[in-house]
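*Asks:* Provide a 3D model corresponding to the input given below.
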Amino acid sequence: MSPVKSNGVKDGKSSAKNKTPKKELKSRNNTPNAKPKLKSEKGDKPVSTQVTYKRIKLFSMIFTIVAAILIILSLHLLWTSINIRSRFGSYLNMISSGEGEILPTLLAIPVVISLILDITIIVFVYKLFADKREPLANKIIFYLVLGTLAVMVLTLVTIFATLGHVFGSSKHVEDGIRVAMSKYAVSSYHKKQIDRLQIEFQCCGSTKYDDWYNISWSDQAMSSTDSMPSKTPFSCCKIKSKFPCIHYAIDCIGTSYLYVPEFNLSVSATGCHAKIIKKKRKIGMTIVGYLILFICLEVLMLVPVRFLQTAHSTDYKFDDAAKTYTVWLIGSNPNGPASTPLLKKDEKGGKTSHSKESGKAPPPVPPVPPELRE
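*Replies:* Numbering: from 1, shown residues only. Take a look at the predicted model:
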């Protein structure tokens, strides 16, 4: 019986050792040395990756290509804004003072600012590959990246402003055309612009050709048809009409040319207001498309620039093809200010090992236990 008793005692002791009070478990979980959650560890550092020098050269090549495309596109958009101002804008300025400046300005402002920033970025990216350390160039590129992001936000605002302008109220355009028509007989500038407008857009009047009926647009001293009703200027005639242009007594049936207004009207039936608004919206949507493409290219350029800037910020120079460089998009350097070589030879044994992160002291050597000293 004694062996059974002794085994029972031993089993009791072992079971007592395995039991842990609930209060002790709670106290262990609440100790300050408890391991923090994984989310907090990830949130302390930005998402980064290690790249080789070959990848750095690839980023540089991508940046060069996209930057060249951006500069060509910027110059093309500047020429487009000048062309809009000189042609369509001149008609809008005749109708409403300053109206023709809005669309070209909305296109030109973000493009000019971005062009200046892009050229500056190209200059300082070239300096990153110099033989000496360039901390100032790295810092300037960082602020240029921030400035380009601000211009992208400005471009988005410009897109919404353009849409609001072209799809907004157009009552002032309709009234402006009528005012310009009233000056047709007394102002050579308005006569020339109205004639150009009606010929180029194949339109007549503000809303319809009969807008001219109530306007004294001809020179009474030189015109022998001033008493004729329903007449319009010759610029109202359709270019593609197969019949002779009847722009006097338009609403009357003519026997000479077998003219019937309902069947062979030879003047443009559409008013210039509708044609101008249609053209204005077409130009506005073209500007919006260009600006969206412009933003996409800016993003494609900024990503490799940011990678180059972050990789360069470790040593402030690219001088060793055997190094790896840490790159990231958002946040600060997760590994300190120095880049790390791929492999580093030990001075004594000649063995290779990964180099330590700069700025961190090596861990202390633990003491040798007494039982191992003998």
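*Asks:* Helix, strand, or coil at V327?
*Replies:* strand (DSSP: H, G, I helix; E, B strand; the rest coil).
*Asks:* Tell me how many other residues crowd it.
*Replies:* The local packing of V327 (other C-beta atoms under 10 Å) involves 22 other residues. No exception for glycine: its C-beta is placed from N, CA and C like everyone else's.
*Asks:* I'd assumed I292 was in contact with L73.
*Replies:* No - using C-beta atoms under 8 Å, L73 is not in contact with I292; the gap is 12.0 Å.
*Asks:* Pick out whichever of the two has more residues nearby.
*Replies:* More crowded of L73 and I292, by other C-beta under 10 Å: L73, with 17 against 13.
*Asks:* Help me confirm that the more buried one is found in a helix?
*Replies:* Yes - per three-state DSSP, L73 lies within a helix segment.
*Asks:* Mind pulling up the pLDDT for it?
*Replies:* For L73, the model assigns a pLDDT of 96.
*Asks:* F201 is in contact with H273, isn't it?
*Replies:* No - the pair formed by F201 and H273 falls short of the contact definition of C-beta under 8 Å, at 10.3 Å.
*Asks:* ranges for the helices of this structure?
*Replies:* For the chain, helices defined by DSSP state H occupy the ranges 2-18, 22-29, 38-44, 53-86, 88-95, 102-128, 135-166, 171-182, 188-200, 261-264, 272-312, 370-373.
*Asks:* which of those helices is buried the deepest?
*Replies:* helix 88-95 (a mean of 20; mean count of other C-beta atoms under 10 Å).
*Asks:* residue ranges with poor pLDDT in the chain?
*Replies:* Along the chain, the parts satisfying pLDDT under 70 run over 1-46, 219-229, 254-263, 333-362, 372-374.
*Asks:* go with 90
*Replies:* Residues of the chain that meet the criterion pLDDT under 90 lie in 1-53, 96-98, 129-134, 169-171, 185, 209-210, 213-232, 238-269, 311-374.
*Asks:* and it, what are its domains?
*Replies:* Following automatic domain parsing, one finds the domains of the chain at 56-170+277-341, 214-269.
*Asks:* Would you format the ones you listed as CSV with distance to V47 included?
*Replies:* Below are the domains of the chain laid out as CSV (distance: least, C-beta to C-beta, whole Å):
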stretch, distance to V47
domain 56-170+277-341, 6
domain 214-269, 62
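*Asks:* Can you say which of those domains is nearest to S187?
*Replies:* Across those, S187 has its closest neighbour in domain 56-170+277-341 (9.9 Å, C-beta to C-beta).
*Asks:* now that closest one, how far from the centre of its chain.
*Replies:* Its chain's C-alpha centre and that of domain 56-170+277-341 lie 7 Å apart, by C-alpha atoms, centre = their mean, to the nearest Å.
*Asks:* of all the helices of the chain, which lies closest to W217?
*Replies:* Checking the helices of the chain against W217 by C-beta to C-beta gives helix 171-182 as the closest, at 6.9 Å.
*Asks:* Counting by contacts, list what that closest one packs against.
*Replies:* Where contact means 3 or more C-beta pairs under 8 Å, 6 or more residues apart in numbering; DSSP states H and E, helix 171-182 is packed against helix 88-95, helix 188-200, helix 272-312.
*Asks:* at 6 Å instead, please
*Replies:* For helix 171-182, the elements it packs on are helix 88-95, helix 272-312, judged by 3 or more C-beta pairs under 6 Å, 6 or more residues apart in numbering; DSSP states H and E.
*Asks:* between those helices, which gets nearest to P110?
*Replies:* The minimum distance between P110 and the helices and strands packed on helix 171-182 falls on helix 272-312, with 6.9 Å, by C-beta to C-beta.
*Asks:* what about the closest one, distance to the chain center?
*Replies:* Its chain's C-alpha centre and that of helix 272-312 lie 5 Å apart, by C-alpha atoms, centre = their mean.
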